[in-house]
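>>> pasting the sequence and the predicted model now:
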Amino acid sequence: MNRIKNRNGEGYVDIVIIVLAVMLCIALVVKISPVFIAKSQLDTFANELIREAEIKGRIGSETTSKANDLRSQLGITPSISWSRTGNIQLDDEITVTCTMQVNIGLWDNFGSFPINLTAVASGRSEVYWK
């Protein structure tokens, strides 16, 4: 006896599982993409800050003011460390390291863990100090 199995409705279950998997993937991308945006902003922060130090030829009130402007423009508050402070002689190298912690997780505190982002930028002073 050859029995034909009734397969009505099997496609609906497959479609529901596929839609669920796609939605979970989209949720993951939506939660992870802010980390990449934060890294890009941190890189911009470090590059703008080092450019200010190159133009002014010193690490001091000018770079602090620029850092405060960047904090308000970009909406991030990284910690900043310089390789040197004070006046930087012409063609001497300067390095700035900006670090920031970003939480990543699918739902608020559940499965959330911090990621440390770091941006390093270097340049050379363009000012001759007598």
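Structure's in. What do you need? All values reported here derive from a predicted model rather than from experimental measurement. Residues are numbered from 1 along each chain as shown.
>>> what residues are up against Ile17?
By Cβ atoms under 8 Å, 6 or more residues apart in numbering, the contact list for Ile17 is empty. All C-beta atoms are positioned from the backbone trio N, CA, C, and that covers glycine.
>>> residue ranges in the chain under the pLDDT threshold?
Scanning the chain for pLDDT under 70 picks out 1-9, 105-109.
>>> just want the most central residue of it.
Closest residue to the average C-alpha location of the chain: Lys39 at 1.6 Å, with Cα atoms, centre = their mean.
>>> sec struct for Leu28, please.
Classification of Leu28 by DSSP: H, G, I helix; E, B strand; the rest coil places it in helix.
>>> I meant Gln41, not that one.
Quick answer, by three-state DSSP: Gln41 is helix.
>>> what number of residues lie near it?
Gln41 has 20 neighbours, counted by other Cβ atoms under 10 Å.
>>> pretty sure it contacts Ile76?
Yes - counting by Cβ atoms under 8 Å, Gln41 touches Ile76, with 5.4 Å between them.
>>> on that earlier part again, quick one: contacts for the residue nearest to the centre of the chain?
With Cβ under 8 Å, 6+ apart, Lys39 has these contacts: 117, 119.
>>> how close does Glu54 sit to Leu24?
46 Å (Cβ to Cβ, to the nearest Å).
>>> who has more neighbours, those two?
Glu54 (17 against 11).
>>> find the residue closest to the more buried one in space, skipping its chain neighbours.
In space, and not counting its chain neighbours, Glu54 is closest to Gly123: 4.4 Å by Cβ to Cβ, 6 or more residues apart in numbering.
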